[in-house]
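# Show me how the following folds:
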Amino acid sequence: MTMELTFFMNYLNHHQVLVADLLYEKLGDQFCFVATQPVNFSEMKGGSDYSSRPYCIIASKNRESHEYAMCLARNSQTCVFGANSLKYAIERANCNPQGLSFECAERWLKRGAKNILSPAFLKWYFCYQKYFHKANYYRLCSSAYASSDMRKVHAYKNRCYKWGYFTKVNRQLDYKKVDLESKHVKILWCARFVDWKHPELVVLLAKRLKDNKYDFHLDMIGEGVELNKIKTMVQFLNLRNQVSFLGNLPNEQVCDQMYKHDILLFTSDRKEGWGAVANEAMSNGCVLVGADEIGSVPYLVTDNVNGMVFKSCDLDSLYEKVTYLINNPMERERMSKAGMRSMRDIWSPENASISLLELINSLQNKEPLSIISGPCSKD
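Numbers count the residues shown, from 1 in each chain. Take a look at the predicted model:
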């Protein structure tokens, strides 16, 4: 396959490397990933340094690397621009406005109208109007709300496609069976303990479940500024026997815990741009109960089909979804299998890489797009 494709992003992280590896496998030296910054582990939210990949170019390494990155921006057949790549996108728009290009990002308006007045948004909007509006640019939306944000600011009209973050999918993992003789349910929460992740909502759910005589245990993975507050809350509500704190765990151990648990609670509000914990939970057969304002949830989850969707920050809605799963173990097993299939068949790195190449081919040849759902389908 002859297709020059270059990604420009701050650095190659664990959410991108699986797709990047597959694109390199398919395209060989026709694929490059330009890391526009040196690796900053404090911003990577986990993962490793993948900059030694043969296709990865660190633009900040020296003058020659920077000039080569600029050359790729001007001349590659297709470019994908992500975080901290604005100057490369502008260079391409100036020198090659008809070259096929994608902006890849989460939503802009996480805080609603407040974001419109932010310097970062104003800078982006100015550049969009000046450089990208009339160029051959499209939007890969790493949030189910990114396209609606674009419509609100009159950008990328009819040029938005679904995208996201893509985590490892273990196809050898067995589908889980529910023990119909046991009423005990294992519930998991995995996130940083910060206010917009709403760990307090999970503790309030545990209190209500206990008051209504449900047999369950809740494990909470992670650390953060709200941790001591939540531990105090657990003590005050007398939930010491129902709630455990596991601290930070390596990703492999997190995935093992997901496979051992029945339900994962994903309680963030609209500040959660994507939330790869959703991919990981579903891949490991842990039925996701996710808030409707999280960026990944409307893309990944069809309510009562391959997971459950509750109204963000609404304890009554969360309680309704969780108790349905507890009271209906066969439905819980069905959704566990459906979630695993969704990750294997649709939202896997393999399907994302194939779909991206298909989308590029469709746009370059002005042919109808055959992708109707999942990554690179029209949003």
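# Residue 376 against residue 351, yeah?
No - contact criterion C-beta atoms under 8 Å: residue 376 and residue 351 do not qualify, at 9.2 Å. C-beta coordinates here come from the backbone N, C-alpha and C atoms, glycine included.
# Neighbour count for the two, which is higher?
residue 376 (24 against 21; other C-beta atoms under 10 Å).
# how close does the more buried one get to residue 103?
Computed as C-beta to C-beta, to the nearest Å, the residue 376 to residue 103 distance reads 14 Å.
# try residue 334
Taken as C-beta to C-beta, the span from residue 334 to residue 103 is 38 Å.
# Return the set of buried residues in stretch 124-144.
For stretch 124-144, a neighbour-count test (16 or more other C-beta atoms under 10 Å) marks 124, 127-128, 131-132, 135-144 as buried.
# Just flag the most distant two among those residues.
Using C-beta to C-beta, the buried residues of stretch 124-144 reach their maximum pairwise distance at 131 and 144, which is 26.5 Å.
# Is it correct that residue 22 is in contact with residue 349?
Yes - Residue 22 lies in contact with residue 349 (C-beta under 8 Å); the separation is 5.9 Å.
# Residue 334 and residue 103: which is more packed in?
Using other C-beta under 10 Å as the criterion, residue 334 and residue 103 rank with residue 103 on top: 25 against 16.
# For residue 309, give me its contacts.
Contacts for residue 309 (C-beta atoms under 8 Å, 6 or more residues apart in numbering) come out as 289-292, 297-298, 301, 303, 321.
# partner residues bridging the nearest residue to it once chain neighbours are set aside?
Closest residue in space to residue 309, ignoring its immediate chain neighbours: residue 303 at 4.3 Å, by C-beta to C-beta, 6 or more residues apart in numbering. Residue 303 has the following beta-bridge partners by DSSP bridges: residue 307.
# Count the neighbours of residue 303 for me.
Burial measure for residue 303: 16 neighbouring residues, criterion other C-beta under 10 Å.
# now the helices for the stretch 201-350 of the chain?
227-236, 251-260, 277-283, 297-300, 315-327, 329-345, 349-364 (DSSP state H, counting those that start in this stretch).
# Which residues in the fourth one does the neighbour count mark as buried?
So that's helix 297-300. Quick answer for helix 297-300 (16+ other C-beta under 10 Å): 297-300.
# got it, and the second one?
The neighbour-count check on helix 251-260 (16+ other C-beta under 10 Å) flags 254-255, 257-258 as buried.
# CA atoms of it as CSV?
The C-alpha trace of helix 251-260 is given here as CSV (Å, rounded to 0.1, in the frame of the first residue of the first chain):
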residue,chain,number,x,y,z
ASN,A,251,-1.9,-1.1,34.6
GLU,A,252,-1.6,-4.9,34.2
GLN,A,253,-2.8,-5.4,37.8
VAL,A,254,-5.7,-2.9,37.1
CYS,A,255,-6.8,-5.0,34.2
ASP,A,256,-6.6,-8.2,36.3
GLN,A,257,-8.8,-6.5,38.9
MET,A,258,-11.3,-5.6,36.2
TYR,A,259,-11.5,-9.2,35.1
LYS,A,260,-12.1,-10.3,38.7
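# which helices and strands sit right next to that helix?
strand 185-190, strand 216-221, helix 277-283 (3 or more C-beta pairs under 8 Å, 6 or more residues apart in numbering; DSSP states H and E).
# Distance from the chain centre to the helix or strand encompassing residue 125, please.
Using DSSP states H and E, residue 125 maps to helix 119-127. Remark: helix 119-127 is offset 23 Å from the chain centroid, using C-alpha atoms, centre = their mean, to the nearest Å.
# Run through who's touching that helix.
Counting by C-beta under 8 Å, 6+ apart, 86, 89-90, 108, 115-116, 153, 155 sit against helix 119-127.
# Of the residues you listed - the most surrounded one?
Result: residue 89 is most packed of those (other C-beta under 10 Å), 24 neighbours.
# residues touching that one, list them.
8, 73, 79, 81, 101, 103, 127, 131-132, 137 are the contacts of residue 89 under C-beta under 8 Å, 6+ apart.
# give me the low-pLDDT residue ranges for the protein?
1-2, 40-47 (pLDDT under 70).
# how about a cut-off of 50?
1 (pLDDT under 50).
# any idea which residue of it is furthest from its center?
Of all residues in the chain, residue 181 has its C-alpha farthest from the mean position, at 35.9 Å, by C-alpha atoms, centre = their mean.
# That residue belongs to a helix?
No - going by DSSP: H, G, I helix; E, B strand; the rest coil, the assignment for residue 181 is coil, not a helix.
# Distance check, it against residue 114.
Taken as C-beta to C-beta, the span from residue 181 to residue 114 is 52 Å.
# Residue 128 now?
19 Å.
# ok, back up a step: okay, and which of the buried residues of stretch 124-144 map to strands?
When the buried residues of stretch 124-144 are checked against strands (DSSP state E), the matches are 137-141.
# would you list these in JSON lines and tack on distance to residue 54?
Listed next are those as JSON lines, based on distance: C-beta to C-beta, whole Å:
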{"residue": "137", "distance to residue 54": "28"}
{"residue": "138", "distance to residue 54": "28"}
{"residue": "139", "distance to residue 54": "29"}
{"residue": "140", "distance to residue 54": "24"}
{"residue": "141", "distance to residue 54": "29"}
